[in-house]
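J.: Quick check, what structure comes out for this input:
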Amino acid sequence: MKKILITGGAGFIGSHVVRRFVKKYPQYHIFNLDVLTYAGNLENISDIENELNYTFIKGDIVDAAFVDSLFSEHQFEGVVHLAAESHVDRSITDPMAFVKTNVIGTMNLLNAFKTIWKGDFDGKRFYHISTDEVYGSLGAEGLFTETTAYDPNSPYSASKASSDHFVRAYGETYGMPYVLTNCSNNYGPNHFPEKLIPLFINNIINNKPLPVYGDGNYTRDWLFVEDHAVAIDLVFHDGENHETYNIGGFNEWKNIDLVKLLCRIMDEKLGRVNGTSVKLITYVKDRPGHDLRYAIDASKINTTLGWKPSVTFEQGLEKTIDWYLSNEEWLHNVTSGDYQNYYDKQYN
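T.: This is a model prediction of the structure:
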């Protein structure tokens, strides 16, 4: 069986990718490497943990000796690298954590992959998943393309930009076969409630304030996580070596408009009077270096690989809300910290 390593596979996006690969490709053995920080939750993939072509490994990509031994033991033919610190607010308060995981961790994986295959890269692939935030901020017009110059404005985006550069450098210097994608904001089931949509869903359920930065006019492009998993599948299998693909949802929304839509749908789902949840909106002090607008031009992946989003934002948001309302135990576990006991129950 072809051995594929997926890093960060217990996280939000990673869990959807792991599930897709395990179920769709029985000829692969999928190894899920995750250190299980606050954002990694094995309950996200409990439905596939007993599949014969799946193995979970608890470990940290920052530990070079561990990564080297892992590659030496299993001889991975493909890597799908999702493991990352990704919350901008956390990067402002603890930037070194982002340097360690996003830069050093990626370097450890690249070095292990290069060492194991010693230049014989036929049939091998290193796939690095990045973010649109490396491009910086847009004005009222324009879109990020694959050739947009990098201009990161937060410690998070700077760490991801650095890791992107190292992946490309290893491709040019050592001939390593890689593909790289930059995606827009993801949303959907299993998202830890620190980012806007899951945080506000949880707060609305519990009648807590909805903290909106600044005037709420920051604009983001939103991508449904299951559509992103499909795109990752396509790029891993059919993307051209040394190519970059931007993945976006064609769904630009101002934060305040998104929050108001979320409030309206939540009021309907919870049987509340329309306008109840909007009253929870609270404007708070803006965060430093806040990018005004992100917007992805995903025409390259559309024309070359035939990918496009399967749902509108409204459809995806309703699916997301329904999932959280049907999985309140999961939501309780992650907000209370109980989810961290799952690994001990399952593996110790």
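J.: going forward, measure contacts between C-alpha atoms and count neighbours the same way
T.: Fine.
J.: Where does pLDDT dip in this structure?
T.: Judged by pLDDT under 70, the chain has its weakly predicted residues at 339, 342-343, 346-348.
J.: Just the buried positions in the longest helix seen in it, please.
T.: Ordering each helix of the chain by length in residues (DSSP state H) puts helix 155-174 first. For helix 155-174, the neighbour count (16 or more other Cα atoms under 10 Å) marks 155-164, 166-168, 170-171 as buried.
J.: Run through the helices of this structure in chain order.
T.: Applying DSSP H to the chain gives helices spanning 12-24, 64-74, 88-93, 95-98, 105-117, 155-174, 196-205, 225-238, 255-270, 299-305, 313-326, 328-336, 341-347.
J.: any idea of the angle the second one forms with helix 105-117?
T.: Yep, that's helix 64-74 we're talking about. Between helix 64-74 and helix 105-117, the angle comes out at 40 degrees (axes from the mean of the first three to the mean of the last three Cα atoms, to 10 degrees).
J.: Need the CA coordinates for helix 64-74. PDB is fine.
T.: Output of helix 64-74 as PDB, limited to C-alpha atoms (Å, rounded to 0.1, in the frame of the first residue of the first chain):
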ATOM      1  CA  ALA A  64      13.400  16.800  14.200                       C
ATOM      2  CA  ALA A  65      14.800  13.500  15.600                       C
ATOM      3  CA  PHE A  66      11.200  12.200  15.900                       C
ATOM      4  CA  VAL A  67      10.300  13.300  12.400                       C
ATOM      5  CA  ASP A  68      13.500  11.700  11.000                       C
ATOM      6  CA  SER A  69      12.800   8.400  12.700                       C
ATOM      7  CA  LEU A  70       9.200   8.400  11.500                       C
ATOM      8  CA  PHE A  71      10.200   8.900   7.900                       C
ATOM      9  CA  SER A  72      13.000   6.300   8.300                       C
ATOM     10  CA  GLU A  73      10.500   3.700   9.600                       C
ATOM     11  CA  HIS A  74       7.600   4.300   7.200                       C
END
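J.: Roughly how far does E43 sit from E194?
T.: 17 Å (Cα to Cα, to the nearest Å).
J.: quick one, which of these two is more surrounded?
T.: Each of E43 and E194 has its neighbours counted (other Cα atoms under 10 Å); E43 has more, 19 against 14.
J.: right, and F144 touches R293 too?
T.: No. F144 lies out of contact with R293 (Cα atoms under 8 Å); the separation is 10.3 Å.
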